[in-house]
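Novice: Sharing a model that was predicted from the sequence below.
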Amino acid sequence: MQSAAPHHRTGRNVTTFLELGVDQDMVDSLADQGIIDAFPIQEQTIPLAISGQDIIGQAKTGTGKTFGFGLPLLQRIGANPEPGVQALVVVPTRELCVQVFEDLELAAKNRGATVVPIYGGKAYEGQIEQLKAGAQIVVGTPGRLLDLASQRVLNLGDVREMVLDEADKMLDLGFLADIEKLFSKTPPTRHTMLFSATMPGTIVTLARRFMSKPIHIRATDPDEGHVQANIEHIVYRAHSLDKDEVIGRILQAEGRGKTVIFMRTKRAAAKLQEELNDRGFDAAAVHGDLNQDQRERAMAAFKAGKKDILIATDVAARGIDVDDVTHVINHTVPDDEKTYLHRVGRTGRAGRTGIAVTFVDWDDLHKWALIDKALEFGTPEPKETYSSSPHLYTDLNIPEGSKGRLKATPVKESAGGRGGRGASSRGEGARGEGSERSGEARKRTRRRTRSANPKGPGRHESHGHEQHGHDQEGGGEPGAPLLQETGEGSAPRRRRRRRRSGSGQAGAQGESSQGSETPQGEAASE
């Protein structure tokens, strides 16, 4: 969503949406969110699009192109359009679909037009119901749109406005054939707008086939360069076994706000999320192994600030449109400079500053050299960096002494038993708790092995045999005698221990047993 903060740009006068000819009700809807001044791509596209001119808009993600096509689209179908689909916005990913839907719904909140998101991973019933109810604007992904069109639920025969957003990404994902099918289902007289960060030959060919004398607009305003100038690029040659620790320390940097961490695979993303949560950080994730509801909840929690770390794969991250991301971390090197720019473009938005940190593995040095050359960074050989490297702390303003794990909450003294007795005999925190659990497991094992001959060959001989077996099992742990004594299940054996309590070490064990019988019983009942 476009930033709610005023957009002051160096070297030019800002223009309001009202000055661009946008209807008052939409101007008011945006103003309610603090959005008043237009971005460069909006200034150039909105007046032309309102007049019905076909447009090819070239602009990077985060420059405000959603309102650049969304406001004219809403205005051209009218404040109270007839029921039925009249406008179609096609996007490459589910996350971007949700983002565009939310922006258009915001702008149309004072209008009679209904916007609906149509994408895979969600139940058909709700989407079909909204279409049958007469929704006029559809934002969707190609697969689900064609699916509903083939079922004759989605009628594209009355579409007057059509938008292709992030057309280059749709080509990367193999949607070209689907796009052509969607175009063929719409009237040739429609008004068409195409937006793309790059303009490969296939996009130009597509535009020539399905657009009428389009005007090519590129946001060359200094603001576009300003976005990249606001990002500090830091590159480290890191080692895979140390990356989690380095990330944990970066996450404690002074001034760190929302952070996006890009992963190469969905499995790596899930693993890092588990690792960071274990280290005390509140991280969410979006990747292909999650269902759509889980991805939407994670994205919503990140946007709302309930979670300040988002771990994402490239495809899942296409819909991350959050202005207040302060850090982007590339866990591995992106495939090329375009992917790199798209990733780091999550930060330094709407005039804010940002930090992009990239880890380069030894095997990826050649890949980074190509990216470095294309972007003219001048750092073909990144500095070798460990979690203990002093420059890591100074580069990223990490407080001295920070470790890659947040301090754990102290364990209460009473957790191990009555009056703190358990805590002192088993160690502190999770270690003591684990010891207690393992002790319970040992008790159950011994009880089963003795059940065949409960009396044993003789009392004295039996005790010696049990003690010897316990030493092997427990490995000489300080807490082992206590666990053995409390684990005896039959009354005669407890009486035998008490008779032996007068002699040296055995007596100390008997005393421990008597003192801990009741707390053990209470713990078991809990």
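Specialist: That came through fine.
Novice: Please export the C-alpha coordinates of stretch 373-381 as PDB.
Specialist: Output of stretch 373-381 as PDB, limited to C-alpha atoms (Å, rounded to 0.1, in the frame of the first residue of the first chain):
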ATOM      1  CA  LYS A 373      29.400  -6.100 -12.100                       C
ATOM      2  CA  ALA A 374      25.900  -5.500 -13.400                       C
ATOM      3  CA  LEU A 375      25.000  -3.200 -10.500                       C
ATOM      4  CA  GLU A 376      28.500  -1.600 -10.300                       C
ATOM      5  CA  PHE A 377      28.900  -2.100  -6.600                       C
ATOM      6  CA  GLY A 378      32.700  -2.500  -6.800                       C
ATOM      7  CA  THR A 379      32.800  -5.400  -4.300                       C
ATOM      8  CA  PRO A 380      33.400  -8.500  -6.400                       C
ATOM      9  CA  GLU A 381      35.000 -10.300  -3.500                       C
END
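Novice: Okay, helices next: where are they in the stretch 251-400 of the chain?
Specialist: 266-278, 292-303, 337-344, 365-375, 390-396 (DSSP state H, counting those that start in this stretch).
Novice: list the helices and strands the second one packs on?
Specialist: Packed against helix 292-303 by the contact rule (3 or more CB pairs under 8 Å, 6 or more residues apart in numbering; DSSP states H and E) you find helix 94-107, strand 283-286, strand 309-312. Just so you know, the C-beta spots here come from the backbone N, C-alpha and C atoms, and that holds for glycine as well.
Novice: Can you tell me which of those is most buried?
Specialist: Burial of the helices and strands packed on helix 292-303 is given as mean neighbour count (mean count of other CB atoms under 10 Å); strand 309-312 ranks first at a mean of 27.
Novice: and V246, what is it in contact with?
Specialist: Under the criterion of CB atoms under 8 Å, 6 or more residues apart in numbering, the contact list for V246 reads Y236, A238, F359, T385, Y386, S387, L392, G404.
Novice: ok, now M263?
Specialist: Taking CB under 8 Å, 6+ apart, one finds A269, L272, H287, I311, A312, T313, H331, T332 in contact with M263.
Novice: repeat for F101
Specialist: V115, V116, P117, V139.
Novice: ok, of the residues you listed, which come out buried?
Specialist: With burial judged by 16 or more other CB atoms under 10 Å, the buried subset of those is V115, V116, P117, V139.
Novice: Among those residues, which are located in strands?
Specialist: V115, V116, P117, V139 (DSSP state E).
Novice: that older thread, Throw the contacts of F101 into JSON lines and include pLDDT, thanks.
Specialist: Converted to JSON lines, these look like this (pLDDT from 0 to 100):
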{"residue": "V115", "pLDDT": "97"}
{"residue": "V116", "pLDDT": "97"}
{"residue": "P117", "pLDDT": "96"}
{"residue": "V139", "pLDDT": "97"}
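Novice: Adding distance to H366, write these out as JSON lines.
Specialist: Formatted as JSON lines, the contacts of F101 follow (distance: CB to CB, whole Å):
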{"residue": "V115", "distance to H366": "46"}
{"residue": "V116", "distance to H366": "46"}
{"residue": "P117", "distance to H366": "41"}
{"residue": "V139", "distance to H366": "40"}
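Novice: I'd like the distance from stretch 395-405 to the chain centre, please.
Specialist: With CA atoms, centre = their mean, to the nearest Å as the basis, stretch 395-405 stands 23 Å off its chain's centre.
Novice: Give me the pLDDT value at T205.
Specialist: On the pLDDT scale, T205 is placed at 89.
Novice: That one: which element?
Specialist: Element membership of T205, judged by DSSP states H and E, is helix 201-210.
Novice: quick one: contacts for the residue lying closest to A238 once chain neighbours are set aside?
Specialist: In space, and not counting its chain neighbours, A238 is closest to F359: 4.1 Å by CB to CB, 6 or more residues apart in numbering. The neighbours of F359, taking CB under 8 Å, 6+ apart as the test, are Y236, R237, A238, K243, V246, I329, N330, H331, T332, V333.
Novice: Looking at those, which one is closest to L30?
Specialist: Looking at the contacts of F359 and their distance to L30, the nearest is I329, at 32.4 Å (CB to CB).
Novice: if I look at the residue lying closest to V100 once chain neighbours are set aside, how far off is D37?
Specialist: Excluding the flanking residues, the one nearest V100 by CB to CB, 6+ apart is V139, at 4.9 Å. V139 is 25 Å from D37, where distance means CB to CB, to the nearest Å.
Novice: Kindly report the same for Q151.
Specialist: Q151 is 43 Å from D37, by CB to CB.
Novice: Neighbour count for those two, which is higher?
Specialist: D37 (19 against 10; other CB atoms under 10 Å).
Novice: and the more buried one, what are its phi and psi?
Specialist: phi -90, psi 140 (degrees, to the nearest 10).
Novice: ok, now how distant is the closest residue to it other than its chain neighbours from G70?
Specialist: Spatial nearest neighbour of D37, excluding adjacent residues (CB to CB, 6+ apart): V14 at 4.1 Å. Taking CB to CB as the measure, V14 falls 19 Å from G70.
Novice: More neighbours: the two, which one.
Specialist: G70 (29 against 14).
Novice: just checking, the more buried one touches E105?
Specialist: No. Counting by CB atoms under 8 Å, G70 sits too far from E105 to count as a contact (9.9 Å).
Novice: Thank you, goodbye.
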